[in-house]
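**Q** I need the structure of the sequence given here:
(one chain, ligands or ions: 1)
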Amino acid sequence: MSAVRLPDFPWDSLGPARARAAEHPGGAVDLSIGTPVDPTPTLLGEALAAAADAPGYPTALGTVDARRAAAGWLSRRLGVQLADPLGAVPSVIPTVGSKELVALLPTLLGLSGTGTVLIPEVAYPTYEVGAVVAGLQVLRTDTPPADPGDAVLVWLNSPGNPHGRVLTDDELRAWAAWGRTHGVPVVADECYVELGWDGVRPRSVLHPDVAGPDHTGLLAVHSLSKQSTAAGYRAGLLSGDPALVRRVWEVRRHLGLLVPTPVQAAMAAALADDGHVDAQRERYRSRRDRLAPAVRAAGARIDHSEAGLYLWVTRDEDCWATIDWLAGLGIVAAPGSFYGPAGSRHVRLALTATDERIDAAVERLTS
Ligand SMILES: Cc1ncc(COP(=O)(O)O)c(C=O)c1O
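**A** Numbering: from 1, shown residues only. I've put the predicted structure just below:
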């Protein structure tokens, strides 16, 4: 295989801002990377330990328990009914977290070669990585183009990273209809779907109000990383159109892209329990309720951010000027330009810091 040209890995360019923020007497408040910091709920660890005796290989299909719990969670929390989650042709499979699935999906669907992957204007960088790995082009657009050109796949992300924007039912329906008309699979990355604020309830692309009576041409990606504070477990899900899930599953079997059996047991336990998700959402809500007014009090504006784990902040200036301003206060943010040219006048502040660090940020922004 020839070497592929991946996009730059930009985080190193934050080095000077990190160094400046670290000079603050109270130390840096790093809100640049959205990695969870709260303890993983004990029910996951207990289920993991109880399944520690795992001499045999797991299957790419996933355990019956994990698939049943996934279907139950999708139904209970998102109003999604899978075709036949325990059937021979799967409508849900476990993934090793969602990042590998995002990066490999064009390849696993057999789309490598020529064609274009449509991704949001401002987007999680791995959608582009996955297109590049499969030798495909990328088009950034938030609306279905009149001319489908050589589109082979659409990525939606709602709630979106980095801006926390939630797509309306009309927007989701427009994409689903467009994809079906042109025979292009539409995949929604919904890894923040449990984290809506101020009454916002993000909708799954697989909900009957969007998808209609079946999931033809549609896939959804979910993750336990944020909702169950378990990024270290690497636990995710792919669900939707059984014909598409099957294509992905068949290649994953050959590649050995298998979720360890104890992790699948932890997934099953987590997906069957809403209490820990609700408790974690309240933790993030409380941090958001403290940080957002402080950002505004300091003269910045917050756009979108109605769901998900980030505040999308602007001072109507180049993002690097905002990064410098925040670094001077001892706060590290992620420049919006990391997520596409249309993000270049925003920065992203993550809510994934301890209460103590969020309070420190609030104090610095308001004094
Ligand atoms: C939009 C989006 N999709 C997917 C992922 C990958 O998450 P994970 O691999 O932990 O499931 C992230 C991680 O931050 C993300 O922001």
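
**Q** what's the domain layout of this protein?
**A** Taking the TED database as the reference, the chain has its domains at 10-39+276-366, 54-273.

**Q** helix, strand, or coil at residue 97?
**A** Three-state assignment for residue 97 (DSSP: H, G, I helix; E, B strand; the rest coil): coil.

**Q** and for the closest residue to it other than its chain neighbours, the neighbour number?
**A** Spatially, and ignoring its direct neighbours in sequence, residue 97 is nearest to residue 234 (3.9 Å; Cβ to Cβ, 6 or more residues apart in numbering). (C-beta placed from N, C-alpha, C; glycine too.) The number of residues packed near residue 234 is 19, by other Cβ atoms under 10 Å.

**Q** state the pLDDT value of residue 88.
**A** In the predicted model, residue 88 carries a pLDDT score of 86.

**Q** what separates it from residue 251, distance-wise?
**A** 17 Å (Cβ to Cβ, to the nearest Å).

**Q** more neighbours: these two, which one.
**A** The neighbour comparison of residue 88 against residue 251 (other Cβ under 10 Å) goes to residue 251, with 16 against 8.

**Q** part of a helix, is that one?
**A** Yes - the assignment for residue 251 by three-state DSSP puts it in a helix.

**Q** for it, give me its contacts.
**A** By Cβ atoms under 8 Å, 6 or more residues apart in numbering, residue 251 lies in contact with 107, 108, 110.

**Q** in ChimeraX, select just the buried ones from those residues.
**A** Of the contacts of residue 251, the buried ones can be selected in ChimeraX as follows, counting by 16 or more other Cβ atoms under 10 Å:
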select :107,108
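
**Q** which of the contacts of residue 251 sits closest to residue 289?
**A** Within those, the smallest distance to residue 289 is 40.1 Å, found for residue 108 (Cβ to Cβ).

**Q** from the contacts of residue 251, which land in helices?
**A** Among those, DSSP state H puts 107, 108 in helices.

**Q** need the contacts of residue 251 in JSON lines (columns: distance to residue 137).
**A** Below are the contacts of residue 251 laid out as JSON lines (distance: Cβ to Cβ, whole Å):
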{"residue": "107", "distance to residue 137": "15"}
{"residue": "108", "distance to residue 137": "18"}
{"residue": "110", "distance to residue 137": "17"}
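
**Q** let me have the contacts of residue 251 in CSV, extended by pLDDT.
**A** As requested, these are exported to CSV (pLDDT from 0 to 100):
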residue, pLDDT
107, 98
108, 98
110, 97
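
**Q** of the contacts of residue 251, which is the nearest to residue 37?
**A** Nearest to residue 37 among these: residue 108, at 31.6 Å, using Cβ to Cβ.

**Q** ok, now which ones touch that closest one?
**A** Counted by Cβ under 8 Å, 6+ apart, residue 108 has contacts 101, 247, 248, 251, 252.

**Q** do that again at 6 Å, thanks
**A** For residue 108, the contact set (Cβ atoms under 6 Å, 6 or more residues apart in numbering) comprises 248, 251.

**Q** show me which of the contacts of residue 251 neighbour the ligand.
**A** Checking the contacts of residue 251 against the ligand by Cβ under 6 Å from any ligand atom, not one of them is in range.

**Q** closest to the ligand among the contacts of residue 251?
**A** For the ligand, the nearest member of these is residue 108. The distance, counting by Cβ to the nearest ligand atom, is 15.3 Å.

**Q** and the gap between the closest one and residue 175?
**A** When residue 108 is compared with residue 175 (using Cβ to Cβ), they lie 21 Å apart.

**Q** let me see the mean pLDDT of stretch 329-347.
**A** The pLDDT scores in stretch 329-347 average 97.

**Q** other residues contacting that stretch?
**A** 10, 17-18, 21, 24, 28-32, 121-123, 140, 162, 312-314, 319, 322-323, 326, 348-349, 361, 364.

**Q** how far is that stretch from where the chain is centred?
**A** 18 Å (Cα atoms, centre = their mean, to the nearest Å).

**Q** so does stretch 270-290 get close to the ligand?
**A** No - Stretch 270-290 stays clear of the ligand (Cβ under 6 Å from any ligand atom), getting no nearer than 12.9 Å.

**Q** taking the contacts of stretch 329-347, please make a PyMOL selection of just the buried ones.
**A** The following PyMOL line selects those of those that are buried, judged by 16+ other Cβ under 10 Å:
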select buried, resi 17+21+24+28+29+30+31+32+121+122+123+162+312+313+314+319+322+323+326+348+349+361+364
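
**Q** could you tell me the end-to-end distance of stretch 301-311?
**A** Start-to-end span of stretch 301-311 (Cα to Cα, to the nearest Å) is 10 Å.
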